[in-house]
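> kindly return the folded structure for what I paste below:
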Amino acid sequence: VNLMGYVTFVLMKIFGYEEKKAAILMMQVHQSSRSVVWSGEKEKAEFYVQQLQAHQLKTSLEKAE
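Residues are numbered from 1 along each chain as shown. The predicted model follows:
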């Protein structure tokens, strides 16, 4: 469990998102328990997973359908 402001801050810090976009993603997680916060090459995705986990955010890496 994390504060909404903290999750928004972490998304801005790691992905460079503007506050509005980070807040939208945070609300998706809050309401649906998940959100696709980034999509791209596997190596970079693995890096982002590590960064999010280092900030105590629960993450998963899933292959795009």
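> helices along the chain, start to end?
Counting by DSSP state H, the segments of the chain that form helices are 4-15, 19-32, 42-54.
> deepest-packed of those helices, please.
Comparing the helices of the chain on average neighbours per residue, with mean count of other CB atoms under 10 Å, the densest one is helix 4-15 at a mean of 17. Heads up, the C-betas are built off the backbone N, CA and C, glycines and all.
> who's in contact with that helix?
Outside of helix 4-15, the residues that reach it under the criterion CB atoms under 8 Å, 6 or more residues apart in numbering are 17-19, 21-23, 25-27, 29-30, 37-38, 48, 51-52, 55, 57.
> how about stretch 41-53?
Applying CB under 8 Å, 6+ apart, the contact partners of stretch 41-53 are 10, 14, 15, 37, 38, 39, 59, 60, 61.
> quick one: mean pLDDT for that stretch?
Per-residue pLDDT values over stretch 41-53 give a mean of 96.
> quick check: residue 43 vs residue 58, distance?
Relative to residue 58, residue 43 is positioned 21 Å away (CB to CB, to the nearest Å).
> no further queries at this time; thank you.
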